[in-house]
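Asks: Here is the input, now give the coordinates:
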Amino acid sequence: MSLAEIVMLLLTVTVVLFIIIFNLILDKSLKYTIIAMIVHSILLFLIRVFWAGHSVTSSIMKSFDILEVIAIVVVAVVFFKKRKT
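Replies: As a prediction, the model looks like this:
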């Protein structure tokens with residue numbers, strides 16, 4: 001296992017613990033989970049491209065999944081609706 005893979009694993013474990021603590025224990029809003037998912041995927045993408053040397057296309061495919069793209073769209077729609085009112 002390379003150092004980049006270990007860092008990605010530690011990052012993933014940290015984000016999962018954050019999500020568990022904020023959602024299950026502290027009962028915070030879903031907003032924090034979505035923000036954590038987005039930041040996590042962006043960091044994974046950057047690590048894969050700049051540190052591990054993967055191509056941009058494969059890094060995007062491995063870092064972002066369809067559920068996250070849907071979550072980003074939903075957050076953007078809610079944000080812009082609140083901004084109009």
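Asks: So the residue most central in space within the chain versus residue 83, what's the distance?
Replies: The residue lying closest to the centre of the chain (Cα atoms, centre = their mean) is residue 37, at 2.6 Å. Separation of residue 37 from residue 83 (Cβ to Cβ, to the nearest Å): 22 Å. C-beta here means a position set from N, CA and C on the backbone, and glycine is covered the same way.
Asks: Does the residue nearest to the centre of the chain touch residue 68 like I think?
Replies: Yes - with contacts counted by Cβ atoms under 8 Å, residue 37 reaches residue 68, the gap being 5.5 Å.
Asks: could you say what helices and strands the stretch of helix or strand the residue nearest to the centre of the chain belongs to packs with?
Replies: If you go by DSSP states H and E, residue 37 is part of helix 30-46. Applying 3 or more Cβ pairs under 8 Å, 6 or more residues apart in numbering; DSSP states H and E, we find helix 30-46 packed against helix 3-19, helix 56-63, helix 66-84.
Asks: Check which residues of the first one are buried.
Replies: So the one you mean is helix 3-19. Residues 8, 15, 19 are the ones in helix 3-19 that count as buried (16 or more other Cβ atoms under 10 Å).
Asks: May I see these arranged in TSV, with distance to residue 78 as well?
Replies: Shown next, in TSV, are these (distance: Cβ to Cβ, whole Å):
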residue	distance to residue 78
8	29
15	22
19	19
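Asks: which regions of this protein lie under the pLDDT threshold?
Replies: 85 (pLDDT under 70).
Asks: now residue 15, nearest residue through space, not along the chain?
Replies: Once flanking residues are discounted, residue 15 sits nearest to residue 40: 4.4 Å by Cβ to Cβ, 6 or more residues apart in numbering.
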